[in-house]
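S.K.: Provided below for reference: sequence and predicted model.
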Amino acid sequence: MIRHIVMWSLHDADRAAEVKTVLETMRGRIPGLLSLEVGIDILHSPQSADVVLTATLADREALHSYQAHPAHQPAIALMKELACARTVIDYEV
């Protein structure tokens, strides 16, 4: 299994709930995406990201398919518009 974690800082943190809604639309729509959780930062410290996505995928092939899947594309487009920084890690569990 692969754990896929992405953290974003947004130009406008007030749009974090909108981001969460869009990211959660992927749940149950992408083969190999076993779980998906989206969180919004509550501390708003200088080191904090605004939104985090934690996903578990079946394997590396599922990760690659997830990246290209049509259900993922609206999230990619939104984050290109709203994010000023992005950090990602993918690792085997």
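M.R.: Cool, got the structure.

S.K.: Not counting sequence-adjacent ones, nearest residue to residue 8?
M.R.: The shortest distance from residue 8 to any residue that is not its chain neighbour, by CB to CB, 6 or more residues apart in numbering, is 4.4 Å, and that residue is residue 83. Bear in mind the C-beta positions are built from the backbone N, C-alpha and C, glycine included.

S.K.: host element of residue 91?
M.R.: strand 83-92 (DSSP states H and E).

S.K.: Report all helices and strands that that strand contacts.
M.R.: Counting contacts by 3 or more CB pairs under 8 Å, 6 or more residues apart in numbering; DSSP states H and E, the secondary-structure elements packed against strand 83-92 are strand 2-10.

S.K.: Let me see the mean pLDDT of the strand it packs on.
M.R.: Computed over strand 2-10, the mean pLDDT rounds to 98.

S.K.: report the angle between the axes of the helix or strand that comes right after it and strand 2-10?
M.R.: Reading on from strand 2-10 to the C-terminus, the next helix or strand found by DSSP H and E is helix 16-24. In terms of direction (axes from the mean of the first three to the mean of the last three CA atoms, to 10 degrees), helix 16-24 departs from strand 2-10 by 150 degrees.

S.K.: Taking the centroid of the chain, which residue is nearest it?
M.R.: For the chain, the residue lying nearest the average C-alpha position, counting by CA atoms, centre = their mean, turns out to be residue 53 (3.7 Å).

S.K.: check which helix or strand covers that one.
M.R.: strand 51-57.

S.K.: What residues of that strand count as buried?
M.R.: Of all the residues in strand 51-57, those buried under the rule 16 or more other CB atoms under 10 Å are 51, 52, 53, 55, 56, 57.

S.K.: Next, format those residues as a markdown table and append distance to residue 73 and pLDDT.
M.R.: Formatted as a markdown table, the entries for the buried residues of strand 51-57 read as follows, by distance: CB to CB, whole Å; pLDDT from 0 to 100:
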| residue | distance to residue 73 | pLDDT |
| --- | --- | --- |
| 51 | 18 | 98 |
| 52 | 20 | 98 |
| 53 | 15 | 98 |
| 55 | 16 | 98 |
| 56 | 21 | 98 |
| 57 | 17 | 98 |
